[in-house]
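Peer 1: Structural data only, the sequence is not supplied:
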C-alpha cells in the first residue's frame with residue numbers, strides 16, 4: 001500500500017521563508033513528490049525553484065505540461081499558470097483566476113484530491129486571505145491529511161488561520177516541525193496516520 005506520497009503546498013506573502021525552512025528539513029530520499037503554489041505576479045520571473053534546490057536536498061523545478069510525476073522532487077507552479085494533477089502526470093492551465101490568483105492553491109489541491117484521494121497531504125503556509133481553504137477541505141473530504149502552519153508564527157496569518165477555522169485540520173504546527181511529519185506520513189501506508197492528532201493545538 002502506498003504512503004502519503006502526494007504533498008500539495010500553498011503559500012503567499014511570507015511563504016518563501018516558510019518554504020525554504022520546510023525544504024531544508026526534507027531528505028533526498030523522500031518517497032513523495034511535492035507540489036508548490038506560491039502567489040506571484042504573472043509577469044514575474046520566478047526564482048523559487050532555484051532557491052528551494054539550493055536550500056534543501058530535493059531538486060525543484062517548474063514542470064512542463066504533461067510531465068510525469070516523480071518522487072523525490074519539488075514541482076513549483078510557474079507564473080500565470082495553474083498547477084493541476086492527473087494520475088501520474090502534471091497539467092498546466094491558464095484557466096480563470098481563483099481567489100484573485102493564477103497560480104492558485106485551490107485548483108492544485110482539488111485536482112490532487114480527485115486523482116489521489118487518501119494519498120494526499122495538503123499544507124497551508126503563510127499568506128493573506130483564504131486561498132487553500134477550499135482546496136484543503138477537498139483533500140479532507142477525499143480522506144487525505146490536512147496540515148496548517150501555526151498562524152501565531154506565520155509572517156502573514158490569513159491563509160493558515162482560515163484553514164484552521166474552516167477545515168478539520170489534522171495538524172497545526174510550526175514550520176520547523178512540518179518536515180518531520182511529512183517524512184513520517186510519506187513512509188506510512190495510507191490509513192495508519194493516527195498519531196497525527198497528537199500535534200493538534202488551539203489557535204486564537
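Peer 2: The structure has been received and is ready for your questions. Bear in mind that the values here come from a model prediction, so they are computed numbers and not experimental data.
Peer 1: Can you show me the strands along the protein?
Peer 2: All strands of the chain, identified by DSSP state E, fall at 6-11, 33-38, 60-61, 74-76, 82-85, 90-93, 120-124, 145-149, 171-173.
Peer 1: Give me the sheet partners of the first one and which way each runs.
Peer 2: Strand pairing for strand 6-11, determined by DSSP bridges: strand 33-38 (parallel), strand 120-124 (parallel).
Peer 1: Return the most buried member of those strands.
Peer 2: Compared across those, strand 120-124 shows the largest average neighbour count, a mean of 31 (mean count of other CB atoms under 10 Å). C-beta: built from backbone N, CA, C; applies to glycine.
Peer 1: quick one: that one to strand 145-149, angle?
Peer 2: 20 degrees (axes from the mean of the first three to the mean of the last three CA atoms, to 10 degrees).
Peer 1: what does strand 120-124 contact?
Peer 2: 4, 6-11, 22, 32, 105, 109, 112-113, 132-133, 135-136, 139-140, 142, 144-149, 159-160, 163, 178, 182, 185 (CB atoms under 8 Å, 6 or more residues apart in numbering).
Peer 1: Residue 34 contacts residue 56, doesn't it?
Peer 2: No. Look at residue 34 against residue 56 with CB atoms under 8 Å: they stay out of range, at 10.1 Å.
Peer 1: what residues are shared contacts of these two?
Peer 2: residue 26.
Peer 1: Tell me the confidence at the residue nearest to residue 4 when sequence neighbours are not counted?
Peer 2: Using CB to CB, 6 or more residues apart in numbering and skipping residues adjacent in sequence, the residue nearest residue 4 is residue 185, 4.1 Å away. Here the pLDDT value assigned to residue 185 is 94.
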